[in-house]
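*Asks:* quick one, structure for this:
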Amino acid sequence: MTYQLALLPGDGIGVEVTAAAEQVLAALTQKFDLPLKWQTLPWPSTAWHQQHGTMMPDDAMQQLQQFDALLLGALGDPGPTSDHDRYRLPDGISLAPLLQMRKGLDLWACERPARLLPGAPCYLADPRAREVDMLVIRENSEGEYVNQGGRLRPGSDDEIATQLEVFSRKATKRLIRHAFQRARERMEQRQKQAEEKSFPCDRGGNHAAQVCLITKRNAQPAWGEMYTEVFAELAEENPDIATHHELVDAACMKFVQSPWQFDVVVASNLHGDILTDLAAVLSGGLGFAPSCNINPEQDGLPALFEPTHGSAPDIAGQGIANPSAMLLTTVMLLRSLGLHQAAIALEHAVTEQIKTAPETTGAAVTQAIIERL
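*Replies:* Just a heads-up that it's a prediction; the model follows:
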């Protein structure tokens, strides 16, 4: 079987890091004889909108369903060439395709690992911060981002804006069940690595599994209590996995105070969105933060893989964007397709590059990683 990939460069530095990923995929395909083919699509992007009036074709979702996996560079305003020569799109338009893909392909779980690799910047003074190794799982299909609501009498002093949040028990249960499953898989992987003394990932020698639920149930009790009840039900089914619950504001504080205490974190759409950016800083910054959008229960539709750094219009086109986050995202993509040997090789090459070599240009980093392969 040959896997078909869609490369979606998008906007800003997305174009640069996707080009780096394509070069690395070509090197990996040659080295490991990978059953991969890919196609680069010019949409969704601001450039496509400027030409066609939309971010992507009307049949975009049908086209994307023909692929086995999607690799997205970034979306968002690509930045000005000058103040008077600017094609500016509001975030509600430029980022809309991302939500359309997540919902249209039913990719209800967003996974964002945060592990501080040797050589990556560590912004916390406590030496235990180097043991950060957590996985934040964010609900992707409902919650605070369902975009139901509106504005009444916009622009007037009497304007009223409403934004509705929607939470279902079904989506809550599948999300939290997946978190327990991933915690068990991570525990087994840590135990295996400890036995083999392989790639370091030991959380200070603690191989136990833990799931932390994030809510704001004291101020938002309707959905917060439902999440808590489902969490308790599934915790009874998984007695070998430790659990605890944090309010989102306290979790933000503890992410900074003692991030090494967290293993798997499961949160709603908005809370997960905020916490994952904070977790990315704990793992060295957005330039080292991979992510994926998946449906663990469904075969046949592609998963969406994307770095978390956005389009970075302030540095786009300068050739200095670090492709590490995109390449670590590519590692996640390869693993999802069962191409584990190539995934391990790429992860090791990126890790060694971060540890031993200073950042230079994106092209230089890409070439150095290919040479390490």
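
*Asks:* got a pLDDT number for the residue lying closest to residue 35 once chain neighbours are set aside?
*Replies:* With sequence-adjacent residues excluded and distances taken as C-beta to C-beta, 6 or more residues apart in numbering, residue 35 is closest to residue 2, at 4.6 Å. For glycine as for every other residue, the C-beta is placed from the backbone atoms N, C-alpha and C. Confidence at residue 2, expressed as pLDDT, is 95.

*Asks:* now do the contacts for residue 2.
*Replies:* Contact analysis of residue 2 by C-beta atoms under 8 Å, 6 or more residues apart in numbering lists 35-37.

*Asks:* that one and residue 39: what is the separation?
*Replies:* Distance of residue 2 to residue 39, computed by C-beta to C-beta, to the nearest Å: 12 Å.

*Asks:* show me the helices in the chain, by range?
*Replies:* Along the chain, the segments classed as helices by DSSP state H run 13-32, 46-52, 60-64, 91-94, 96-104, 169-196, 221-237, 248-257, 269-282, 324-336, 340-356, 362-372.

*Asks:* out of the ones you listed, which gets nearest to residue 304?
*Replies:* Nearest to residue 304 among the helices of the chain is helix 96-104 (5.5 Å), distances taken as C-beta to C-beta.

*Asks:* in the chain, where is pLDDT below threshold?
*Replies:* Scanning the chain for pLDDT under 70 picks out the ranges 78-87, 197-207, 359.

*Asks:* biggest strand in the chain, by residue count?
*Replies:* strand 143-152 (DSSP state E).

*Asks:* in stretch 24-41, what's buried?
*Replies:* With burial defined by 16 or more other C-beta atoms under 10 Å, the residues of stretch 24-41 counted as buried are 24-25, 27-29, 32, 34, 36, 38, 41.

*Asks:* and if you look at stretch 98-107?
*Replies:* Across stretch 98-107, burial judged by 16+ other C-beta under 10 Å covers 98-103, 105, 107.

*Asks:* same thing with stretch 139-148?
*Replies:* For stretch 139-148, burial by neighbour count (16+ other C-beta under 10 Å) applies to 139-146.

*Asks:* any idea how many residues pack against residue 361?
*Replies:* The tally of other residues near residue 361 (other C-beta atoms under 10 Å) stands at 14.

*Asks:* confirm for me that it is in contact with residue 323.
*Replies:* No: between residue 361 and residue 323 there is no contact under C-beta atoms under 8 Å: 10.1 Å.

*Asks:* can you give me the end-to-end span of stretch 37-54?
*Replies:* Taking C-alpha to C-alpha, to the nearest Å, stretch 37-54 runs 27 Å from one end to the other.

*Asks:* hmm, who's touching that stretch?
*Replies:* With C-beta under 8 Å, 6+ apart, stretch 37-54 has contacts from 2-11, 18, 22, 25, 55-57, 60, 63, 67, 71, 75-78, 87, 89, 93-94, 97.

*Asks:* just checking the distance from that stretch to the centre of its chain.
*Replies:* Mean-position distance between stretch 37-54 and its chain equals 21 Å (C-alpha atoms, centre = their mean, to the nearest Å).

*Asks:* what do you get for stretch 39-55?
*Replies:* Distance of stretch 39-55 from its chain centroid, counting by C-alpha atoms, centre = their mean, is 22 Å.

*Asks:* in that stretch, what's buried?
*Replies:* Of the residues in stretch 39-55, 41, 43-49, 55 count as buried by neighbour count, 16+ other C-beta under 10 Å.

*Asks:* rewinding a little: now, of the contacts of stretch 37-54, which are buried?
*Replies:* For the contacts of stretch 37-54, a burial check counting by 16+ other C-beta under 10 Å picks out 3, 5-11, 18, 22, 25, 55-56, 60, 67, 71, 75-78, 89, 94, 97.
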